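J.: I'd like to go over a predicted model; first the sequence, then the structure.
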Number of protein chains: 2
Amino acid sequence: MEQPSSAPPSDPGLQAAVGDLLGVLAYGELTAFIRMAVDCDLAPTIALKTATGQLATTDFARYTQLVDHMRERGIDPEAAMGPFVAPLTAFHERTAPKGWLEGLVKAYVGDGIAKDFYREMSAFVDEETRSVMQAALDDGGHAEFVVQIVRDAIRTDATTAGRLALWGRRLLGEALSQAQAVAVERDAMSALLVGGGVDLGEVGRMFTRLTDNHQRRMNRMGLEA
Amino acid sequence: MEQPSSAPPSDPGLQAAVGDLLGVLAYGELTAFIRMAVDCDLAPTIALKTATGQLATTDFARYTQLVDHMRERGIDPEAAMGPFVAPLTAFHERTAPKGWLEGLVKAYVGDGIAKDFYREMSAFVDEETRSVMQAALDDGGHAEFVVQIVRDAIRTDATTAGRLALWGRRLLGEALSQAQAVAVERDAMSALLVGGGVDLGEVGRMFTRLTDNHQRRMNRMGLEA
């Protein structure tokens, strides 16, 4: 397995893994756009509709950047995204938010888990891919918007806080279960982690880091993880 | 009533009417954005998801342009949009599309009716408002995309063609009924039409033009009006 480099990878395994990573990242942005637009529909005021609409269009802009990048390096975007349609659709179907606040928590938690995962993976890819991924993960302060709204909403409402805490736990469980299904399915991407000098213990520690970060994010919203 | 001019109107009635027009146009774009994002969710392929997502973000960009324009001329966007939240929400609740094709037909038909209406109204407003409205109505060839998809879908499916023809008729009926409710409610906007040297016979002819144009759009999609 090659070390990270600044040139697109010539190793076919690494090339396939990069296609997988960009594919799942792009399709994730596309579905995030749709979910955020649905949150925009549920938002209780015009000001909140405007803010969530803005987040949604940012997600879509990132999606088009990733698609452009794939085309530039000879990756067919639809072929790269294809394997991730089913797991991402399953995740979203199993975690359909009931109402505006659940939608926001899902956006924040889901976005956070995705970012952690890609940050872990970005150590193994070439520099160009890394910088495209980093740009796609830069949230431009969007997360802060969500944190503030959730904190305000639960300040005087312990029932909602409890419900959202449970919701956050379910989101993490569903995300990890879909991630596991993807890992089994996508040899190249798993090989990138496990074959790239990473032992299985390290994979375990990565999952611990993901879970810790999730806990931290829940706490930032004022929710028990 | 003043003639169209290039300066923002000083007449308070005209100023109120312009606020109404920009408000309903902006909130219409915001809801069009949300509906198009839902269509994106329903789209059967990644390519169609990408195309409809692009339409949705264009709607949102127009929405922010209209909001910016309102702010520049001292109109509070939320106050201007407020009166149209209920009728537009009612329209969308009464015409929730069942599936991807109904969503597309609704986008095309709804967009067309809105454009006709604003084109009729733009004769009565100042030049700056007119040019902002015109920009918001420029669809950049989006409509063609919808026409092609619907024509392809019904080519070999008479049942779908019949169902979509009925759907188009219902959309027009619901749109006109909500428009009438708005006209009764919003004195300034109605006065712009009726007070601006337009007699009631002319208003009737305007509705005939809207209906004729609707018929033409349905026929373009290959549907009976």
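T.: Nice, I can see it. Numbers count the residues shown, from 1 in each chain, chains lettered A, B, ... in the order given.
J.: only C-alpha atoms for contact and neighbour calcs from this point on.
T.: OK.
J.: burial of the nearest residue to A:Arg186 once chain neighbours are set aside, as a residue count?
T.: Among residues not flanking A:Arg186 along the chain, A:Asp20 sits closest, at 7.8 Å (Cα to Cα, 6 or more residues apart in numbering or on different chains). For A:Asp20, the neighbour count with other Cα atoms under 10 Å in any protein chain shown is 24.
J.: for the one helix or strand A:Asp20 maps to, packing partners?
T.: Element membership of A:Asp20, judged by DSSP states H and E, is helix A:12-42. The helices and strands touching helix A:12-42, judged by 3 or more Cα pairs under 8 Å, 6 or more residues apart in numbering or on different chains; DSSP states H and E, are helix A:46-72, helix A:77-94, helix A:100-122, helix A:187-194, helix B:12-42.
J.: contacting residues for the closest residue to A:Leu166 other than its chain neighbours?
T.: Leaving out its chain neighbours, the residue that sits closest to A:Leu166 by Cα to Cα, 6+ apart is A:Ala225, at 7.9 Å. The neighbourhood of A:Ala225, defined by Cα atoms under 8 Å, 6 or more residues apart in numbering or on different chains, consists of A:165-166, A:168-169, A:214-216, A:218-219.
J.: ok, of those, which one's closest to B:Asp138?
T.: A:Gly168 (42.4 Å; Cα to Cα).
J.: thought that closest one was touching A:Val109?
T.: Yes: the criterion here is Cα atoms under 8 Å, and A:Gly168 meets it with A:Val109 at 7.1 Å.
J.: what residues do those two have in common as contacts?
T.: The contact sets of A:Gly168 and A:Val109 overlap at A:Met218 (Cα under 8 Å, 6+ apart).
J.: Can you give me the pLDDT of the residue lying closest to A:Gly19 once chain neighbours are set aside?
T.: Spatial nearest neighbour of A:Gly19, excluding adjacent residues (Cα to Cα, 6+ apart): A:Ala80 at 5.7 Å. pLDDT recorded at A:Ala80 is 95.
J.: Now do the same contact list for A:Ala80.
T.: A:19-20, A:22-24.
J.: Close to chain B: what parts of chain A are there?
T.: Residues of chain A lying near chain B by Cα under 8 Å from any Cα of the partner chain: A:31, A:33-34, A:37-38, A:40-41, A:46-47, A:53-54, A:57, A:60, A:78.
J.: 10 Å - rerun?
T.: A:27, A:30-31, A:33-41, A:45-47, A:49-50, A:53-54, A:56-58, A:60-61, A:63-64, A:67, A:77-79, A:81-82, A:85 (Cα under 10 Å from any Cα of the partner chain).
J.: residue contacts, the residue most central in space within chain A?
T.: In chain A, the centroid-proximal residue (Cα atoms, centre = their mean) is A:Ala114; its distance is 2.5 Å. A:Ala114 sits next to A:24-25, A:28-29, A:108, A:120, A:137, A:175, A:210 when contact means Cα atoms under 10 Å, 6 or more residues apart in numbering or on different chains.
J.: Ok, A:Arg170 next?
T.: A:94-95, A:106, A:164, A:176.
J.: sorry, back to before: would you agree the residue nearest to A:Arg186 is in contact with A:Tyr118?
T.: No: between A:Asp20 and A:Tyr118 there is no contact under Cα atoms under 10 Å: 11.6 Å.
J.: any idea of the angle the lowest-mean-pLDDT helix or strand in chain A forms with helix A:12-42?
T.: Ranking every helix and strand in chain A by mean pLDDT, DSSP states H and E puts helix A:187-194 at the bottom, with a mean of 71. Relative orientation of helix A:187-194 and helix A:12-42, computed by axes from the mean of the first three to the mean of the last three Cα atoms, to 10 degrees: 100 degrees.
J.: Now do the buried residues in helix A:187-194.
T.: For helix A:187-194, the neighbour count (16 or more other Cα atoms under 10 Å in any protein chain shown) marks A:188-193 as buried.
J.: And the next helix or strand past it?
T.: Counting by DSSP H and E, the next helix or strand C-terminal to helix A:187-194 is helix A:200-220.
J.: you'd agree A:Arg169 is up against A:Gly110?
T.: No: counting by Cα under 10 Å, A:Arg169 stays clear of A:Gly110, with 11.4 Å between them.
J.: shared neighbours, these two?
T.: A:175, A:214.
J.: tell me the contacts of A:Leu21?
T.: A:Leu21 touches A:15, A:80-81, A:118, A:121-122, A:125, A:129, A:133, A:188-189, counting by Cα under 10 Å, 6+ apart.
J.: Could you single out the nearest of these to chain B?
T.: Nearest to chain B, judged by Cα to the nearest Cα, of the contacts of A:Leu21 is A:Met81 at 8.4 Å.
J.: Just give me the neighbour total for that closest one.
T.: Using other Cα under 10 Å: A:Met81 sits among 21 other residues.
J.: Would you mind confirming that A:Arg163 is in contact with A:Leu223?
T.: Yes: taking Cα under 10 Å as the definition, A:Arg163 is a contact partner of A:Leu223 at 9.5 Å.
J.: Compare neighbour counts for these two and give me the winner.
T.: Legend: neighbour count by other Cα under 10 Å for A:Arg163 and A:Leu223, higher for A:Leu223 (21 against 12).
J.: So the closest residue in space to the more buried one that isn't next to it in sequence versus B:Ala90, what's the distance?
T.: Nearest residue to A:Leu223, sequence neighbours excluded (Cα to Cα, 6+ apart): A:Ala165, at 5.4 Å. Distance, A:Ala165 to B:Ala90, using Cα to Cα, to the nearest Å: 34 Å.
J.: So between those two, which is more surrounded?
T.: Neighbours per residue (other Cα under 10 Å) separate A:Ala165 from B:Ala90, with A:Ala165 holding more: 20 against 14.
J.: so the helix or strand where the more buried one lies versus helix A:77-94, what angle?
T.: For A:Ala165, the host element (DSSP H and E) is helix A:158-185. For helix A:158-185 against helix A:77-94, the angle between stretch directions is 140 degrees (the same axes, to 10 degrees).
J.: just to revisit the earlier point, any idea which of the contacts of A:Leu21 is closest to B:Ala181?
T.: For the contacts of A:Leu21, the nearest to B:Ala181 is A:Met81 (45.9 Å; Cα to Cα).
J.: Surely that closest one and A:Asp20 touch.
T.: Yes: in terms of Cα under 10 Å, A:Met81 counts as a neighbour of A:Asp20; the distance is 7.4 Å.
J.: quick one on the thing from earlier: any idea which of the helices and strands packed on helix A:12-42 scores lowest on pLDDT?
T.: helix A:187-194 (a mean of 71).
J.: CA atoms only: put that helix into CSV for me.
T.: Extracted in CSV, the C-alpha atoms of helix A:187-194 (Å, rounded to 0.1, in the frame of the first residue of the first chain):
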residue,chain,number,x,y,z
ASP,A,187,-13.4,-4.3,0.0
ALA,A,188,-11.2,-1.5,-1.3
MET,A,189,-12.3,1.1,1.2
SER,A,190,-11.9,-1.4,4.1
ALA,A,191,-8.5,-2.4,2.7
LEU,A,192,-7.5,1.3,2.8
LEU,A,193,-8.0,1.2,6.6
VAL,A,194,-6.9,-2.3,7.5
